[in-house]
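Asks: dropping a prediction and its sequence here:
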Amino acid sequence: EADIYQTPRYLVIGTGKKITLECSQTMGHDKMYWYQQDPGMELHLIHYSYGVNSTEKGDLSSESTVSRIRTEHFPLTLESARPSHTSQYLCASRSGRRNTEAFFGQGTRLTVV
Amino acid sequence: SQQGEEDPQALSIQEGENATMNCSYKTSINNLQWYRQNSGRGLVHLILIRSNEREKHSGRLRVTLDTSKKSSSLLITASRAADTASYFCATDHILYGQNFVFGPGTRLSVLP
């Protein structure tokens, strides 16, 4: 069973609000990822981290930011939400060793109205 | 750009039939992984195949890897209605900075 948690599961907010999506894992994994996924569509990597104080942007341009102050915690922040940010956000983690699987949280479904 | 590309995009079969999905990728990899996603949920890891392996089995799953063609296939035998889900391949690239990326997925429907 995966020990990676995302909160909230669902979020409806107004345009212009600042929001933070939380992601925590208790497996001591070095690598963490944020993906954006529209329903039934592919996953787009928006941010990743290889460890504390390491963050990189992914393939998909995003107006969000992330931080990695602690190994277990990888929050994603939108400074000013827009309707175009409406999507599902998936967090994942994996060990820093080679050839290891990723564990996913249940996702946060964000709706910006 | 995404590295993995699944084929077909959607597949509909009857219960008891076999389902085959394919994945192609572009660059050299350490391994290729298959994941399953039920509607609206996170992904669950199914199987990992390393670049020096050609075939791997896990229960009703069979995965092949052809590094010369940069392609992989996932076979689900004796499918069940509960296998209905989206299936994604993900590639772990050799080059540093080429991160863990997923293909667009195959949506499998198994009809009872």
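Replies: Now that the structure is in, tell me what you want to look at. Keep in mind that what you see is a predicted model, and the values were worked out from it rather than measured.
Asks: CA only for contacts and neighbour counts going forward, please
Replies: Will do.
Asks: enumerate the residues of chain B near chain A.
Replies: Contact residues (Cα under 8 Å from any Cα of the partner chain) of chain B with chain A: B:1-2, B:30-31, B:33, B:39-45, B:48, B:50, B:86, B:92, B:99, B:101-105.
Asks: and these, which are buried?
Replies: By neighbour count, with 16 or more other Cα atoms under 10 Å in any protein chain shown, the residues of chain B next to chain A hold B:2, B:31, B:33, B:41-45, B:48, B:50, B:86, B:92, B:99, B:101-105 as buried.
Asks: what about stretch B:83-94, average pLDDT?
Replies: Mean pLDDT, stretch B:83-94: 90.
Asks: which ones among the buried ones among the residues of chain B next to chain A map onto strands?
Replies: Among those, the ones falling in strands (DSSP state E) are B:31, B:33, B:43-45, B:48, B:50, B:86, B:92, B:101-102.
Asks: does the spatially most central residue of chain A have beta-bridge partners, and which?
Replies: Nearest to the mean C-alpha position of chain A, by Cα atoms, centre = their mean, lies residue A:34 at 3.2 Å. Under the criterion DSSP bridges, residue A:34 forms beta bridges with residue A:47, residue A:91.
Asks: wait, it touches residue A:55, no?
Replies: No. Using Cα atoms under 8 Å, residue A:34 is not in contact with residue A:55, being 10.8 Å away.
Asks: what sits in contact with each of the two?
Replies: When contacts are counted by Cα atoms under 8 Å, 6 or more residues apart in numbering or on different chains, the set common to residue A:34 and residue A:55 consists of A:47-48.
Asks: what helix or strand is the closest residue to residue B:10 other than its chain neighbours located in?
Replies: Using Cα to Cα, 6 or more residues apart in numbering or on different chains and skipping the chain neighbours, the partner closest in space to residue B:10 is residue B:107 (4.5 Å). Following DSSP states H and E, one finds residue B:107 within strand B:106-111.
Asks: helices or strands up against that strand?
Replies: strand B:10-14, strand B:85-93 (3 or more Cα pairs under 8 Å, 6 or more residues apart in numbering or on different chains; DSSP states H and E).
Asks: contacts for that strand next, please.
Replies: With Cα under 8 Å, 6+ apart, strand B:106-111 has contacts from B:6-15, B:21, B:79-88.
Asks: for the record, mean pLDDT for that strand?
Replies: On average, strand B:106-111 scores 96.
Asks: list the contacts of residue A:112.
Replies: Counting by Cα under 8 Å, 6+ apart, residue A:112 touches A:12-15, A:81-86.
Asks: any idea how many residues pack against residue A:42?
Replies: For residue A:42, the count of nearby residues is 19 (other Cα atoms under 10 Å in any protein chain shown).
Asks: show me which residues of chain A sit near chain B.
Replies: Counting by Cα under 8 Å from any Cα, the residues of chain A that sit close to chain B are A:39-45, A:58-59, A:90, A:99-107.
Asks: so which of those residues are in helices?
Replies: With DSSP state H as the criterion, helices contain none of the residues of chain A next to chain B.
Asks: filter those residues to the buried ones?
Replies: Going by neighbour count (16+ other Cα under 10 Å), the residues of chain A next to chain B have A:40, A:42-45, A:58-59, A:90, A:99, A:101-107 buried.
Asks: which of those residues sit farthest apart?
Replies: A:40 and A:99 (27.2 Å; Cα to Cα).
Asks: in chain A, where is pLDDT below threshold?
Replies: Per-residue confidence for chain A (pLDDT under 70) gives these ranges: A:1-2.
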